[in-house]
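Participant: the sequence and its predicted three-dimensional model are supplied below.
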Amino acid sequence: LYLTASFFILLQFISGILAALSAMISLEIPQINIMTKMDLLSKKAKKEIEKYLDPDMYSMIEDSTNILKSKMFKKLTKSICGLIDDYGMVRFLPFDRSDEESINIVLQHIDFTIQYGEDLEFKEPKECEEDKSALVDEYFQDHVDE
């Protein structure tokens, strides 16, 4: 699991995505990226956060050109965003601890990723009618033998 907070500025978000991407590539194991603290966001911020869950880095950079003052810094940031977009592997699941559905979605993703329950044997349910007929047969068999 890779956890990141849901409230931050763009440059911190890029740093968080780069760290998640680095972990995914270096470790080469299944990874789930979770955006936490969604319960602390306002309703307006929750609507805006959707673009951060499946980020399009080029559009984010274009939307926030006013915070990137230095030309060299702009070029470096665009290169990093290009790298992140080229891999296209980083997506986040929203985690709101006050929302049971959000918790269940995250748990389902974790269970699927670690293949929880894959090695358990399937047990077929017993048929009630078959059990009843077997008991009736035993009862009559016992009385016939007497």
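Facilitator: It's in.

Participant: where along the protein do the strands fall?
Facilitator: Ranges of strands in the chain, per DSSP state E, are 2-5, 33-36, 93-94.

Participant: turn these into a markdown table, columns for distance to residue 17, mean neighbour count and mean pLDDT.
Facilitator: Bear in mind the C-beta positions are built from the backbone N, C-alpha and C, glycine included. Output for these, formatted as a markdown table (distance: least, C-beta to C-beta, whole Å; neighbours: other C-beta atoms under 10 Å; pLDDT from 0 to 100):
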| stretch | distance to residue 17 | mean neighbour count | mean pLDDT |
| --- | --- | --- | --- |
| strand 2-5 | 8 | 16 | 82 |
| strand 33-36 | 9 | 20 | 90 |
| strand 93-94 | 14 | 20 | 91 |
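
Participant: next, format those as a markdown table and append distance to residue 109.
Facilitator: Shown next, in a markdown table, are the strands of the chain (distance: least, C-beta to C-beta, whole Å):
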| stretch | distance to residue 109 |
| --- | --- |
| strand 2-5 | 12 |
| strand 33-36 | 9 |
| strand 93-94 | 6 |
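
Participant: tell me who's in contact with the residue most central in space within the chain.
Facilitator: Using C-alpha atoms, centre = their mean, the residue of the chain that lies closest to the mean C-alpha position is residue 93, 4.2 Å off. Counting by C-beta atoms under 8 Å, 6 or more residues apart in numbering, residue 93 makes contact with 32, 33, 34, 35, 53, 105, 106, 109.

Participant: pull the number of nearby residues for the first one.
Facilitator: Right, residue 32. 16 (other C-beta atoms under 10 Å).

Participant: wait, it touches residue 20, no?
Facilitator: No - with contact defined as C-beta atoms under 8 Å, residue 32 does not reach residue 20; the gap is 10.0 Å.

Participant: overlap in contacts of the two?
Facilitator: Common neighbours of residue 32 and residue 20, counting by C-beta under 8 Å, 6+ apart, are residue 2.
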